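# next input, structure requested:
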Amino acid sequence: MTPGKVRMFLSFGYDKTIVESPLVKKEIFVVDDEFAESEIPEDICGRDFSVVGLDSASKMFSAIANGRLPAMIFLDADLPDTDGFEALELLKNNPLTKNVPVVMVTAKHDQASALKALSSGAVDYVARPYLLLMLPSRVGLHLKIEQQRQTIRKQKSVIKEQNYKLSQCRAFLDQAVNDRTGQMSSLQSAILQTVSDLATWRDGVIQNSSQRHYQLSVFLEALYERGIALEGREAAVDRDIILQSARLHDIGKLAIEESILNKPGRLTPEEFEVVKKHALLGVDMLDRVENSQDIYQFLRYAKVFAGTHHERWDGAGYPHGLKGTQIPMAGRVMAIADVYDGLTRSSPWKKPFSHDLAVRKIVNGKGLQFDPVLVDVFSDIAHAFNPANAQMVGSC
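Numbering: from 1, shown residues only. Modelled structure (predicted):
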């Protein structure tokens, strides 16, 4: 076959509406120079097929180039104008004919020829003396197989298209969820800040919430670096939730009378008992919120912070008198952070302590009021709590 004819075949197109029309009788090409078309019975493969005899590869390629795409091809391995295997390679390398079943026809009966035919892309091979006898059965078998393959290809195409549409839909939904989550997170943060501020304002105290948030985040970071987790093997991603929920540790003060919270002088024993109730009142408030809507992880931490931040390491705290490791780690951490915050801010009953004095008081409470391990961690990073040294990054 000339190079020009090869180039023509590799680049040709055809009218698919003609070839694939159900009104057109499907053709089966028998490309073999030893079989004249007149020797092949017209109805050898039934009324649905027309068997066309071609004596060269050039005629086969010309017929295909002119729009006659066969349903199947029987291809002689030894053609006068080209090697049959070369023609097979061209058929299989062309997108138009790569799926057309090709059966190689060979005069040889050796295994090597059969393997070469199958490995080159042929679906089967037959020996020339038996070609006409085997033609109907081979056509029926391989066209059925090709029909099944076409069905699979169409299904794969449909699945691919559906997967693409699903991926597009998923991307859209993910973006919508992310946008909505961001909005809800901002709203949640604003609500938490408002509730937290209400509790502190009723306490007669104006606090720097950004500074308090920063100090607790430094404390938590130091704990994580030392392998100390608030709860089991919590993931680092929980830190934001913990910091959010920590804001609600004094939410129970919303239920305490302002006259007691804002009393300038020392509280009476009875008044102090009322103040002590704010820990359990805070847990009760959060329980009611949790039971009235979807469970949020930050509420779980918030209840721990609210209910245990006044417990003491020696068991002399309230509301449950928990001792040592009976106190949840979150409560032990908040106990130190809350005391430092309380000592260093102004209130109706006292002036603020200096940073150094507040640190000394916490260190003096090691093993008594506070977890000794946490006090050591706090001592290592206490300089970051000093407003003069803290590098504030935004606000909470």
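# can you pull out the strands in the stretch 101-250 of the chain?
Using DSSP state E, counting those that start in this stretch, the strands of the stretch 101-250 of the chain run over 102-106, 124-127.
# restrict the longest one to CA atoms and write it as PDB.
Put plainly, it is strand 102-106. Listed next in PDB are the C-alpha coordinates belonging to strand 102-106 (Å, rounded to 0.1, in the frame of the first residue of the first chain):
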ATOM      1  CA  VAL A 102     -11.600  -8.200  12.500                       C
ATOM      2  CA  VAL A 103     -11.000 -12.000  12.000                       C
ATOM      3  CA  MET A 104      -7.700 -12.800  10.400                       C
ATOM      4  CA  VAL A 105      -7.700 -15.400   7.600                       C
ATOM      5  CA  THR A 106      -4.400 -17.300   7.200                       C
END
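# list the contacts of that strand.
30, 32, 72-78, 84-85, 88, 91-92, 113-114, 117, 120-128, 131, 138, 142 (C-beta atoms under 8 Å, 6 or more residues apart in numbering). The C-beta positions use only the backbone N, C-alpha and C, and glycine is treated the same way.
# same check on the shortest one?
Among residues not part of strand 124-127, those counted as contacts by C-beta under 8 Å, 6+ apart are 74, 103-109, 113-114, 117-118, 134, 138, 141-142.
# and it, which strands flank it?
strand 102-106 (parallel) (DSSP bridges).
# what is the rounded mean pLDDT of the partner strand?
Taken as a whole, strand 102-106 has an average pLDDT of 85.
# in that strand, which residues are buried?
Counting neighbours by 16 or more other C-beta atoms under 10 Å, one finds that the buried residues in strand 102-106 are 102-106.
# returning to that earlier point: could I get the strands of the stretch 101-250 of the chain as a markdown table with distance to Leu54?
Putting the strands of the stretch 101-250 of the chain into a markdown table (distance: least, C-beta to C-beta, whole Å) gives the following:
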| stretch | distance to Leu54 |
| --- | --- |
| strand 102-106 | 12 |
| strand 124-127 | 17 |
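# out of those, which gets nearest to Val359?
With C-beta to C-beta, the closest approach to Val359 among the strands of the stretch 101-250 of the chain belongs to strand 102-106: 87.3 Å.
# off-centre distance for that closest one?
50 Å (C-alpha atoms, centre = their mean, to the nearest Å).
# ok, of the buried residues of strand 102-106, which one's closest to Thr151?
Val102 (19.9 Å).
# and this protein, what are its domains?
Taking automatic domain parsing as the domain assignment, the ranges for the chain are 3-153, 203-385.
# quick one: which of these has the weakest pLDDT on average?
domain 3-153 (a mean of 74).
# quick revisit: any of the contacts of strand 102-106 buried? List them.
30, 32, 72-78, 84-85, 88, 91, 113-114, 117, 120-126, 128, 131, 138, 142.
# Three-state assignment for Gly265, please.
coil (DSSP: H, G, I helix; E, B strand; the rest coil).
# wait, it sits on Glu271?
No: in this structure Gly265 lies outside contact range of Glu271 using C-beta atoms under 8 Å: 10.2 Å.
# looking at the two, which is more packed in?
Glu271 (16 against 7; other C-beta atoms under 10 Å).
# list the contacts for that one?
Per C-beta under 8 Å, 6+ apart, neighbours of Glu271: 260, 263.
# if we go to 6 Å?
Neighbour list for Glu271: Ile260 [criterion: C-beta atoms under 6 Å, 6 or more residues apart in numbering].
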